[in-house]
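Undergrad: Predicted coordinates and the sequence they were generated for:
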Amino acid sequence: MLKFLIFFLIYLTQINIGFSNSVYESDKIVAIVNEDILLKSDVCTLQNIFFMKKKNIQSEDNKNNLFNYFFSPLCPLKELVIRSIIFQLAKKKCIFVNEDEVNKIFHGYNIINKTDNSKISVDETLRYARIKNMIQKELIISQFIFDEIRKKFIILPEEIESTMKKICIQYDNETQFYLSYFSIKVPDVFSSNEDKKRIMINSLKKLIKIENGTFNIEYLLNKFSQKNNFMQKSFTKWCRIKEIPILIDLQNIKKGDIIGPVFFNSCFHIIKINNICVRNAEKMIEKFYVKHIFFQNSEEDIANIRNFNKLKNFYYLIKNGYLNFNVLTKKISEDLHSKNKDGILNYRSIYFLDPIFQYHIEKLKLKEISFPVHSNYGWHLIQLFDTCKIGYIDSVLEKKAYYFLYHKKFIEEMYLWIQEKISSSYINII
């Protein structure tokens, strides 16, 4: 009987082991990076996040893509090692992530398809927890990289102006041009005589040159008065392409260009492009009316955590209507310049704001208050109080030029910075 019981217990043990092996696969250590251990499941989770984000690449939240700057799905282990190094550095900086932002990104992946959450299995719950944890890490890594790399380069106004000249804008039928137009109808004697026509063209060019490109219509009218049997026509106004009096190549023109003199239909035509307004340009917000409550950075991590928790509590109190932003600013803000002005920073072009402000302000709606934001200077609660819209070609070109230079310099600096951190870290691929 005793032998039978022993054999029976051994048989049950073998069944149990076999069942466990068939259902649950043990995780494996794939790498050791400094003090961090990387598992095979971490690699799979990172791959899953990438492919889920790829499916949602056309969504409105595309600007929040965590993989904008670097991620190669072909080398997930290498990417995980890089992220591990950066995350270990980020933890020392006390970077916090709002849980609402994590949930928003998680639900944006459309992972949960079941209407009844009670039917979700334990395995799925664990998988969702791993994905949320990885998203939180990605947000912290992204914020840390942004803080570190943005300090390493500047974009000069001269660089923006130089780049603006190289950018080509496609104009359509809705594009408007603010023109100064001047035409001179000449007698038939001039029209039929090529020499006289050439002399008049040279004279007009000299007059324009004398004016240093200012294109003073009154000056030209005085020079070509009706006493000399010349008839003039002039205006300064906004025109669409079809309303421009002569056919010109608009794809190569820029603000400030002077076109002409062009001889057409017995007239000399001169046009100056004063400004250009492209379709939908008015939707591009360039200037912001910003308020903030500010706590300075501290050398002690405990003090920084305390400042974050204070602003976090104030954020919820203001959001729920228990406190007034302006009153609170005068009482606690450590920014002496804006403290007595209700925290107002006035209208600022996005290019001259702190880079951290740029990132968070673009997400805010009018009158909305941000979750506590950490910049190079300290902790902020930011309120977008008002906006100033600019719809002319300058703002369009400036923004295109700025972001072109920004991405170019950011990627170059980030690559060098990551290589430096990799070379100074302990990495053991198993």
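TA: That came through fine.
Undergrad: Near Ile427, how many other residues are there?
TA: Neighbour count for Ile427, taken as other C-beta atoms under 10 Å: 16. Every residue, glycine included, has its C-beta placed from N, CA and C.
Undergrad: let me fix that: Phe404
TA: Other residues near Phe404 number 17, with proximity taken as other C-beta under 10 Å.
Undergrad: In the helix or strand in which it is found, which residues are buried?
TA: Using DSSP states H and E, Phe404 falls within helix 393-423. Using 16 or more other C-beta atoms under 10 Å as the test for burial, helix 393-423 gives 393, 395-402, 404-406, 409-410, 413-414, 418.
Undergrad: from what I can see Thr45 touches Ile131, true?
TA: Yes. At 6.1 Å, Thr45 and Ile131 qualify as touching, with contact defined as C-beta atoms under 8 Å.
Undergrad: give me every residue that touches Phe371.
TA: 98, 100-101, 312, 315 (C-beta atoms under 8 Å, 6 or more residues apart in numbering).
Undergrad: Looking at these, which are in helices?
TA: With helices defined by DSSP state H, the entries of those inside them are 100-101, 312, 315.
Undergrad: Ser142 - how many residues pack around it?
TA: 21.
Undergrad: With Lys363 instead?
TA: For Lys363, the count of nearby residues is 12 (other C-beta under 10 Å).
Undergrad: May I ask you to confirm that it belongs to a helix?
TA: No. With DSSP: H, G, I helix; E, B strand; the rest coil as the criterion, Lys363 is located in coil rather than a helix.
Undergrad: any idea how far Asp257 is from it?
TA: 38 Å (C-beta to C-beta, to the nearest Å).
Undergrad: returning to what we had before: filter the ones in helices among the contacts of Phe371 down to the buried ones, ChimeraX style.
TA: Here is the ChimeraX command that picks out the buried ones among these, judged by 16+ other C-beta under 10 Å:
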select :312,315
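Undergrad: Nearest to Tyr289 among the ones in helices among the contacts of Phe371?
TA: Nearest to Tyr289 among the ones in helices among the contacts of Phe371, counting by C-beta to C-beta, is Tyr315 at 19.7 Å.
Undergrad: ok, now which ones touch the closest one?
TA: 369-372, 381.
Undergrad: For these, name the two members farthest from one another.
TA: Longest span within the contacts of Tyr315, C-beta to C-beta: Ile369 and Pro372, 10.0 Å.
Undergrad: Any stretches of the stretch 1-150 of the chain with poor pLDDT?
TA: Within the stretch 1-150 of the chain, the stretches with pLDDT under 70 are 1-26, 49-74, 108-124.
Undergrad: Repeat the analysis, applying 50 as the threshold.
TA: 1-24, 57-70, 114-116 (pLDDT under 50).
Undergrad: per-residue pLDDT, Lys255?
TA: We have a pLDDT of 74 for Lys255.
Undergrad: my read: it touches Cys277, true?
TA: No. Contact between Lys255 and Cys277 fails when scored by C-beta under 8 Å: they sit 10.4 Å apart.
Undergrad: Could you dump the contacts of Phe371 into a markdown table with distance to Cys75 added?
TA: Shown next, in a markdown table, are the contacts of Phe371 (distance: C-beta to C-beta, whole Å):
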| residue | distance to Cys75 |
| --- | --- |
| Asn98 | 30 |
| Asp100 | 32 |
| Glu101 | 27 |
| Lys312 | 38 |
| Tyr315 | 39 |
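Undergrad: Specify which member of those is nearest to Leu77.
TA: Scanning those for proximity to Leu77, where the rule is C-beta to C-beta, the winner is Glu101, at 27.2 Å.
Undergrad: What residues does the closest one make contact with?
TA: Glu101 neighbours (C-beta under 8 Å, 6+ apart): 139, 371.
Undergrad: measure it to Tyr181 for me?
TA: 52 Å.
Undergrad: How many residues are close by the residue nearest to Tyr359 when sequence neighbours are not counted?
TA: Leaving aside its sequence neighbours, Tyr359 sits nearest to Phe146 (C-beta to C-beta, 6 or more residues apart in numbering; 6.6 Å). Using other C-beta under 10 Å, the number of residues around Phe146 comes to 17.
Undergrad: so whichever strand or helix holds Phe146 versus helix 393-423, what angle?
TA: Element membership for Phe146, per DSSP H and E: helix 122-150. Helix 122-150 runs at 110 degrees relative to helix 393-423, counting by axes from the mean of the first three to the mean of the last three C-alpha atoms, to 10 degrees.
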